[in-house]
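**Student:** the sequence and its predicted three-dimensional model are supplied below.
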Amino acid sequence: MCLANRGIVQRKARLTKAAVVFVAVALLSHARQMSRRLCPKCSGCPSRHPPPLWPPCDLKMNDHKRVEGFASQPKSRKHHGRRAGNRRKSAKVRVLLISAANDSGAMTPLPLGLACVAGAAEIARHNVRLLTLVTDADYENDIRHAIEQFSPDVVGLSVRNIDDQNMQSPRFLLENLKKVVSICRVHSSSPIVLGGAGYSIFPESALAYLGADIGIRGEGEAAFPALLSWLERGRQSPPPPATYFANGSHSPPEYASDLDGFRLPEPRLWLDFPDSTSMRIPVQSRRGCPLDCIYCSTSLIEGKPVRQRSPESLVAWLAALRQKGFRQFYFVDNTFNLPPSYARELCRKLIEADLGLDWWAIVYPKWVDMELVKLMAKAGCTEVSLGFESGSDTVLPQLNKQFTCAEVGAISEAFRIAGIKRHGFLLLGGPGETERTSRKA
């Protein structure tokens, strides 16, 4: 069985215990430094921003509008007339959402989460544009052009990962996102809102380090439209759930019990680019995980209770994408096989639809029987990644794993018999790890 640690693991922001400690200390140290530098002329406007955006100790009344509501006007003078005269009578919010993922590994990340938020904001009748920044491209020119053309009231930025999980030579990924925030500040006075998996792990510290105005922890399909409405009303009511602010205040996140209430995004929002049909498209059928593996951040991001989309609604979405020419998918659910009854029903619906899909999934190597394996193969599964993390029965309990090496081997063999390729997630250096256990892995 191949033990290559696939790049898929990066999209779920799963950090080792050592990485969490390292990043948390760095971010919290920076947050403490920032918290000491508050402007004495207002109640919570940080003075860390360079002039002329937020001049410390010399703020004018209009400078506070970015924090208290919407900016009164964009910085680019040539758009003032259009903004004042041609605004839609519905008075809905113009939202620019930016995906700046710079942590691609073996697989190019696509902004499924941000597209879901964009779709939810559109349903609430807001005017939304999604900008995907290409790695190593001219970020500043792309952002400047988008802001000048669209004049957004709110800018949203997705924080996907904190670091690249390479402990020998770690790369801190928020430095680049901080540059993106700074570029937005130069070209727009509108509030900047953070969200995403990486942000949800360290909401207070990431907000302080990046210098944004507001953050949303956890799923954003309900929280972000609620935040836009709250800003529209001039912050006249208590802030919506899951929001964090630069002054340290926040409200607890809420998780929807019925994921079917969140419409899956249309291709035009996030897949409208050349050769997109040749890429492997992310799919999420459920959220949450109760397993409590000691290194995993999923419960911080999605909560512990498992919440599912109905198989019918998910298959209908996949069928619509298939009609657009998309055929290759991968399920980003941390545990495709849990609960087993749901996994079986989803596979049966895919078989009935006969879409001719090719898809991958992540499998927790327990509670997998031959019936499920055969259903997955017949439904179009061609590859699985087994989340075993270690090849030592001594280390596995230390990671709070609920299976043995023998079970991993048996499940891997079942997938081999069914003709499904197997890969594995391998994590070294956990509690109880020794040279002997690592060599055995």
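**Tutor:** Nice, I can see it.

**Student:** how much space separates residue 196 from residue 157?
**Tutor:** Distance of residue 196 to residue 157, computed by C-beta to C-beta, to the nearest Å: 8 Å. Quick note: C-beta positions are derived from backbone N, CA and C, even for glycine.

**Student:** give me the more crowded residue out of the two.
**Tutor:** Neighbours of residue 196 and residue 157, each counted by other C-beta atoms under 10 Å, are more numerous for residue 196; the result is 28 against 25.

**Student:** surely the more buried one touches residue 158?
**Tutor:** Yes: Residue 196 is within contact range of residue 158, at 4.1 Å (criterion: C-beta atoms under 8 Å).

**Student:** now for these two: what residues contact both?
**Tutor:** 113, 114 (C-beta atoms under 8 Å, 6 or more residues apart in numbering).

**Student:** contacts only, for the nearest residue to residue 119 once chain neighbours are set aside.
**Tutor:** Of all residues beyond its chain neighbours, the one nearest residue 119 is residue 265 (4.3 Å), with distances taken as C-beta to C-beta, 6 or more residues apart in numbering. Residue 265 makes contact with 112, 115, 116, 118, 119, according to C-beta under 8 Å, 6+ apart.

**Student:** how does it look with 10 Å?
**Tutor:** For residue 265, the contacting residues are 111-120, 122, 130, 271, 317, by C-beta atoms under 10 Å, 6 or more residues apart in numbering.

**Student:** out of these, which are inside helices?
**Tutor:** The helices, defined by DSSP state H, take in 112, 113, 114, 115, 116, 117, 118, 119, 120, 122, 317 from those.

**Student:** which of those residues lies closest to residue 310?
**Tutor:** The nearest member of those to residue 310, counting by C-beta to C-beta, is residue 317 at 10.8 Å.

**Student:** so how far is the longest strand anywhere in the chain off the chain centroid?
**Tutor:** Using DSSP state E to define each element, the chain has its longest strand at strand 381-389. The chain centre lies 21 Å from the centre of strand 381-389; the measure is C-alpha atoms, centre = their mean, to the nearest Å.

**Student:** in it, what's buried?
**Tutor:** Residues of strand 381-389 classed as buried by neighbour count (16 or more other C-beta atoms under 10 Å): 381, 383, 384, 385, 386, 387, 388, 389.

**Student:** continuing past it, what's the next helix or strand?
**Tutor:** Scanning forward in sequence from strand 381-389 by DSSP states H and E, the next helix or strand is helix 405-417.

**Student:** give me the contact list for that next one.
**Tutor:** 1-2, 337, 363-370, 372-374, 376-377, 381, 383-384, 386-396, 401, 403-404, 420-424, 440-441.

**Student:** in the stretch 51-200 of the chain, which spans are helices?
**Tutor:** Listed in chain order, the helices of the stretch 51-200 of the chain (DSSP state H, counting those that start in this stretch) span residues 65-68, 80-85, 112-123, 139-150, 174-187, 197-201.

**Student:** now do the fourth one against helix 174-187, angle only.
**Tutor:** Right, helix 139-150. 40 degrees (axes from the mean of the first three to the mean of the last three C-alpha atoms, to 10 degrees).

**Student:** elements contacting helix 139-150?
**Tutor:** In this structure, helix 139-150 packs against strand 94-99, strand 127-132, strand 154-158, helix 174-187, with contacts taken as 3 or more C-beta pairs under 10 Å, 6 or more residues apart in numbering; DSSP states H and E.

**Student:** deepest-packed of those, please.
**Tutor:** Ranked by average neighbour count under the criterion mean count of other C-beta atoms under 10 Å, the helices and strands packed on helix 139-150 are headed by strand 154-158 at a mean of 27.
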